[in-house]
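Visitor: Structure of the sequence below:
(one chain, ligands or ions: 2)
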Amino acid sequence: MNEPVNRLRGSMPKVGIRPVIDGREKGVRESLEVQTMNMAKAAAKLIEENLRHSNGLPVECVIADSTIGGVAEAADCADKFARAGVGVSLTVTPCWCYGTEVMDTDPLIPKAVWGFNGTERPGAVYLAAALAGYTQKGLPAFGIYGRDVQDSDDTSIPADVKEKVLRFTKAALAVATMRGKSYLSLGGMSMGIAGSLVNQDFLLDYLGMRTEVVDMSEIARRVEEGIFDPEEFKIALKWVKENCREQEDTVNAPEYRRSAEQREADWEYVVKMVLIGRDLMIGNPKLKELGYGEESLGHNAICGGFQGQRSWTDHYPNGDFLETILNTSFDWNGIREAFVFATENDYLNGITMLFGHLLTNTAQIFSDVRTFWSPEAIERVTSWKPEGLAKDGFIHLINSGSTTLDGAGQMNGSDGKPAMKPFWEISENDVENTMKATEFCVGDGGYFRGGGYSTDFLTKGGMPCTMSRLNYVKGQGPVLQLAEGWTVDVPKEVHEKLDVRTNPTWPTTWFVPRVSGKGSFKDVYTVMAKWGANHGAISYGHIGQDLITLCSMLRIPVCMHNVEDEGFRPSAWASFGMDEEGSDYRACSNFGPIYG
Ligand SMILES: C[C@H](O)[C@@H](O)[C@@H](O)C(=O)CO
Ligand SMILES: [Mn+2]
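Guide: Ligands and ions are numbered 1, 2, ... in the order given. Coordinates of the predicted model:
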């Protein structure tokens, strides 16, 4: 069951549940055994019924062999968890326990404590004592307790507790899943883009990730020496011919037009680039059969990026098709987990996409945050007065030639509205509609002298989504910004007029962030003006809360967000002041990166 289906090494992290108890025998402990163990079982059931890993495998929970009343049983539990591969720790209790004696002291594992809110045997006051201990010892932990008092025989989990348990667990699983995996940097810095200056110390200290650096010439070597699966290549090319519609090249000046033979050869080349890029990330046992044992192993990359411009694209077909197909939840082999792969080797955007992918199990859009179109400018250029969600203007998200095809918004959610979904919910019909809505365009020769095929679609409006971005600040370290909002529809002629000003061969998403009239979210213009870089990672759904929780585990402060509720962060954050944002910065710098 725990076989990694996407060929990444290592088994999936498990969730460890620690039922802690009042250790006083001769009455107290005995009276609490059943209730305490039942809480652990209820938590495990909740998690297993609601969460899955991004590769589709079920999330598994491991419960300590006995309730934990003191240090000996805490050590037995730690031992069991280490052998089982536990990466997330959830302590549960309905009663008073001996705070530091039953605590989990592994500094690498994210922790939460759920204290039952009853008053016969006080779980909530234990929770306060336990959290004080965790804070005092520098092991920040999340506190969970229901708002309303429950009766001691009530075995149900209140909705507010459920939400917190699941939010904590999903984010903690993301932390545990990244650890030990690699970022594959294919090439180096692209066109002076700071996000492609891969900071290996950040990846290792904050995320526990390795960095693998491979020169782009490795792709040329594998193409020229035939180091890919020739059978798969045939299947892939056939699928591409049958499913990928090529747009007539009306954008390139005559000197950049590519002949029919050249275009045919380009298709073959870009399909090989997909096979090779994927094999570089996760390996391919077929290569071993072909005599390439070393190449068959891959780089254990959970995330990667391709420099492309310009060293590669000035001569070879561009990486757009490679990036598009990897980031999509299907290819010629069928429907599968999307990879996470950054354009222009912008690893800061790639890692932001990785956060979104691990939190939602869905494909992620990579985009240039290109243009703010004010209502006045839209009306001046198109004569259309924007209305509805678009009335205060929108941001043109358009990547330079690639993005996940899931981002076309051609897949349907359970309510029939456009959605991006985990791969196991995607139907053949969704795939067909997506391919019908997408065209592949000969690369813009002014930018891409070596040709290649860019991806062109227009994202359907009405999808809730969250644009986010990690930025790195000298002296401060990483920070994350996020803006929840929606994709919007605009009239066809309006889209065409605006799109053509940029590049009609690239994928467009019209995005409106939720604004508040204040601060960084004063209006749409301000959101664009405050964006920290040229790229953004766009995830389906409003996932600001989940990102905030994940970032607190990773000690990455959130510098800009439009989430209304207070973030769910470790209890220690309350000791750093009353303003949420300032205390986040202070807490992150006080505790520092997990692995640093
Ligand atoms: C084609 C151009 O060089 C683009 O790649 C460029 O505008 C960007 O994508 C910048 O992020
Ligand atoms: Mn770009």
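
Visitor: Near ligand 2, which residues of the chain? Just list them.
Guide: Counting by Cβ under 5 Å from the ion, the chain comes close to ligand 2 at 368, 400. Glycine gets a C-beta too; all of them are placed from N, C-alpha and C.

Visitor: Quick one, grab the pLDDT at the spatially most central residue of the chain.
Guide: Centre of the chain computed as the mean C-alpha position; nearest residue by Cα atoms, centre = their mean is residue 356, 2.2 Å away. Looking at residue 356, its pLDDT reads 99.

Visitor: In contact with it, which residues?
Guide: Under the criterion of Cβ atoms under 8 Å, 6 or more residues apart in numbering, the neighbours of residue 356 are 362, 364, 466, 468, 537, 538, 539, 543, 547.

Visitor: repeat that for 7 Å
Guide: For residue 356, the set of contacting residues under the criterion of Cβ atoms under 7 Å, 6 or more residues apart in numbering consists of 364, 468, 537, 539, 543.

Visitor: Most neighbours among those residues, which one is it?
Guide: residue 364 (30 neighbours; other Cβ atoms under 10 Å).

Visitor: Please state the backbone phi and psi of the residue nearest to residue 219 when sequence neighbours are not counted?
Guide: Residue nearest to residue 219 in three dimensions, not counting chain neighbours: residue 276, with 5.3 Å by Cβ to Cβ, 6 or more residues apart in numbering. Summarising the backbone geometry of residue 276 under the convention degrees, to the nearest 10, its torsions are phi -70, psi -40.

Visitor: repeat for residue 89
Guide: Backbone torsions for residue 89, taken as degrees, to the nearest 10, come to phi -120, psi 120.

Visitor: What residues are bridge-paired with it?
Guide: When bridges are called by DSSP bridges, residue 89 pairs up with residue 16, residue 111.

Visitor: And the pLDDT for the nearest residue to residue 196 once chain neighbours are set aside?
Guide: Nearest-residue entry for residue 196: residue 345, 4.0 Å, with adjacent residues in sequence omitted and distances by Cβ to Cβ, 6+ apart. Residue 345 is assigned 98 on the pLDDT scale.

Visitor: Could you verify my assumption that residue 345 touches residue 306?
Guide: Yes - the pair formed by residue 345 and residue 306 meets the contact definition of Cβ atoms under 7 Å, at 6.0 Å.

Visitor: Give me the common contacts of these two.
Guide: Taking Cβ under 7 Å, 6+ apart as the contact criterion, the residues that touch both residue 345 and residue 306 are 186, 187.

Visitor: Find the closest residue to ligand 1 in the protein.
Guide: The minimum distance from the chain to ligand 1, using Cβ to the nearest ligand atom, falls at residue 400 (3.2 Å).

Visitor: hang on, that residue packs against residue 368?
Guide: Yes - in this structure, residue 400 sits in contact with residue 368. The criterion is Cβ under 7 Å, and the distance is 6.2 Å.

Visitor: Between those two, tell me which one has more neighbours.
Guide: When neighbours are counted by other Cβ under 10 Å, residue 400 and residue 368 differ, and residue 400 comes out ahead with 28 against 22.

Visitor: what's the more buried one in contact with, if anything?
Guide: The contact partners of residue 400, taken as Cβ under 7 Å, 6+ apart, are 343, 368, 506.

Visitor: Am I right that the first one is in contact with residue 399?
Guide: Yes - with contact taken as Cβ under 7 Å, residue 343 and residue 399 are classed as touching, separated by 5.9 Å.

Visitor: what do these two both touch?
Guide: With contacts defined as Cβ under 7 Å, 6+ apart, the residues shared by residue 343 and residue 399 are residue 366.

Visitor: domain ranges for the chain?
Guide: Recorded structural domains for the chain (assignment: automatic domain parsing) are 14-178, 182-591.

Visitor: show me the contacts for the residue of the stretch 151-300 of the chain at minimum distance from ligand 2.
Guide: Scanning the stretch 151-300 of the chain for proximity to ligand 2 using Cβ to the ion identifies residue 193 as nearest, at 7.1 Å. Neighbouring residues of residue 193 by Cβ under 7 Å, 6+ apart: 344, 346, 534.

Visitor: how close does the second one get to residue 193?
Guide: Which is residue 346. As defined by Cβ to Cβ, to the nearest Å, residue 346 lies at a distance of 6 Å from residue 193.

Visitor: For residue 513, list each beta-bridge partner.
Guide: Residue 513 has these beta-bridge partners by DSSP bridges: residue 485.

Visitor: With respect to residue 437, which of the contacts of residue 356 is nearest?
Guide: Within the contacts of residue 356, distances to residue 437 taken as Cβ to Cβ reach their minimum at residue 364, with 18.6 Å.
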